[in-house]
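Q: based on what follows, work out the 3D shape:
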Amino acid sequence: MAKSAKSDSPITRIGRPPLTPTDEMIEEIVRRYSSGESLTVISQSPHLPGWTTLYKWMEGGGEGGLYETFAQVMARARTAHAHALVCEAVESSRGTEQTISDLPDNRTKLGNALVAARRLRTDILLRVAARLDPETWGERISVDGTQTHDLSDRLYAALSKSRASRGEIEIPEGSESG
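A: I've put the predicted structure just below:
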């Protein structure tokens, strides 16, 4: 078999060059994300890193404390992002009344479709907000209470049954040992 010759040409990378986050870059990303813009849309800006780089930065990956700072700032920005999505959902639901009142009377099907579309949009925004900040926007689940169970009667019955099946001396009912 013939061996293939190695090429001396440099490897060309596809995509954007790797970036180190600058203060201006972080400020813009956090500002846009906090106002409700998705990371996918933000990462499409040519002067900002791609979404995979953003996620690496948010995981605190890379060397140096700058990435950890970015991850902490973005964690706080998630709360603002969720709040912006909830505000957008409220505005979307309010806009339904205005849009329907602008329709001619014979367009009830279109009005119903608009209401359904706005309801779906509002529901999706609220669900995403609940995922981003479950402590504030998630469903409230509260588990309180204590309950005690006295298992001594069940244990005594099981022990007696076990001893009786093995042919051991049966403990008379009502007597308790140690």
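
Q: buried residues, the top helix by length along the chain. List them.
A: Counting residues, the longest helix in the chain under DSSP state H turns out to be helix 65-101. Of all the residues in helix 65-101, those buried under the rule 16 or more other C-beta atoms under 10 Å are 66-67, 70, 73-74, 77-86, 88-89, 92-93, 96, 100. Where C-beta positions appear, they are placed from N, C-alpha and C, glycine not excepted.

Q: from S34, how far off is the spatially most central residue of the chain?
A: When C-alpha atoms, centre = their mean is applied to the chain, the residue found nearest the centroid is R131 (3.6 Å). Computed as C-beta to C-beta, to the nearest Å, the R131 to S34 distance reads 17 Å.

Q: where's the residue nearest to the centre of the chain, which helix or strand?
A: helix 108-132 (DSSP states H and E).

Q: how about Y33?
A: helix 23-34.

Q: so where is this structure shaky, pLDDT-wise?
A: Residue ranges of the chain with pLDDT under 70: 1-18, 61-66, 95-111, 168-178.

Q: pretty sure A71 is touching G60, no?
A: Yes - taking contacts as C-beta atoms under 8 Å, A71 lies within contact range of G60: 4.3 Å.
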